[in-house]
Structure formats: C-alpha cells, structure tokens
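Asker: Build me a structure from this.
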Amino acid sequence: MFRPLKGLSILALAALALSACGDSAGAPSADSASPSVSVSASPTATGTTAPDASSSATSLTVEYREDGETASAGWTLNCDGASLTGSSDAPDPAAACAVLAEKGTALFAAPDANLMCTQMIKGQQRARVTGTVNGEAVDQTFSLRDGCQIGRWESLAALLGPAEGKLR
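Answerer: Sure thing, here's the model as predicted:
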C-alpha cells in the first residue's frame, strides 16, 4: 500500500541532500574558500570601497628558488593591460603581459582539492609571485612537484620561466 507521507518524506530528504551539494550558483566550492586571490580596494568619498582606479595595471615580483628553498633569482613585471610598461626582467615580459591581461587572476587559482594530479616531479624549483594583476592582489607559490602544479607553472611560463627545470 502506498503511503503519501512516506513518499513525501523520501522526496524531502532527497531534496535536502541535493541542496547540500551546492552548484555554481549555490554553496562555495572547496577551492573558492582558499585565500589565493583577493581584490584590492580603496575607500571612496562615501565611505564605501571600490576597485582601484588602476584596475588594468599589473605589477608583479617573482622570487625564484632553484633548489626549492633558497632564493636564487628574482624579477619584476609591469603592465598596463597587455602592454609592457617600465622595466621588466621577466623571462618573456610581453607574452606575460598578454596572458595576464587575457586570463587575469584565474592563472593564480590553486587546483581544486578534489582534483587528481599525476604524481610526477619535473624539478625542485619554486617561485613566489606577489603584487597585483589587473588591480587584484595576488600572493601565490608555484612548484613543479605534481602534474597540477606543473600545469599551473606552464600556464605562466612567460612570467616564471620554462618548466623544464632550469631558468634561462
């Protein structure tokens, strides 16, 4: 015999379980809780905050560690949108400005914690990047210690240098 209340209870439990999963418009995913990228803001005359006026400006400093531990080199990158400004000594500054203007801080996002990464090591190198990209603050460390990290490094090779293990 069908009992309407029992059927409704099962449907309600299923709906509750599905709502706990979240979606792109719902609950935040595991990687969105990461403090990898923050928006730079400044107070306005009304007391609220607004993005900096130089929202297309990119100014980055890279601290490179050949052995993964000790800083062995460093360089800077300065862009206004896709255009190189001032002096920059990044491995390929024009290409770095272009990719950062196109993809912005998405290039600095940490891999999803649930992502399966190949267990391969391309080198011990690390690079810490600090500054702003299109007006947003960034502070991220890159390595070559698994497939996901290698992919992150390769997406910013114009800024970080080649992922083959040796710089310049």
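
Asker: mean confidence for the helix or strand harbouring residue 100?
Answerer: Counting by DSSP states H and E, the element that carries residue 100 is helix 93-103. Computed over helix 93-103, the mean pLDDT rounds to 96.

Asker: Using PDB, list the CA coordinates for it.
Answerer: C-alpha atoms of helix 93-103 as PDB (Å, rounded to 0.1, in the frame of the first residue of the first chain):
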ATOM      1  CA  PRO A  93      57.600  40.100 -20.400                       C
ATOM      2  CA  ALA A  94      55.500  40.900 -23.500                       C
ATOM      3  CA  ALA A  95      53.900  37.400 -23.500                       C
ATOM      4  CA  ALA A  96      53.400  37.500 -19.800                       C
ATOM      5  CA  CYS A  97      51.500  40.800 -20.000                       C
ATOM      6  CA  ALA A  98      49.400  39.400 -22.800                       C
ATOM      7  CA  VAL A  99      48.400  36.200 -21.000                       C
ATOM      8  CA  LEU A 100      47.700  38.100 -17.700                       C
ATOM      9  CA  ALA A 101      45.600  40.700 -19.500                       C
ATOM     10  CA  GLU A 102      43.600  37.900 -21.100                       C
ATOM     11  CA  LYS A 103      43.200  35.500 -18.200                       C
END
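
Asker: I'd guess residue 86 is in a strand, am I close?
Answerer: No. Secondary structure assignment places residue 86 outside any strand; it is coil (DSSP: H, G, I helix; E, B strand; the rest coil).
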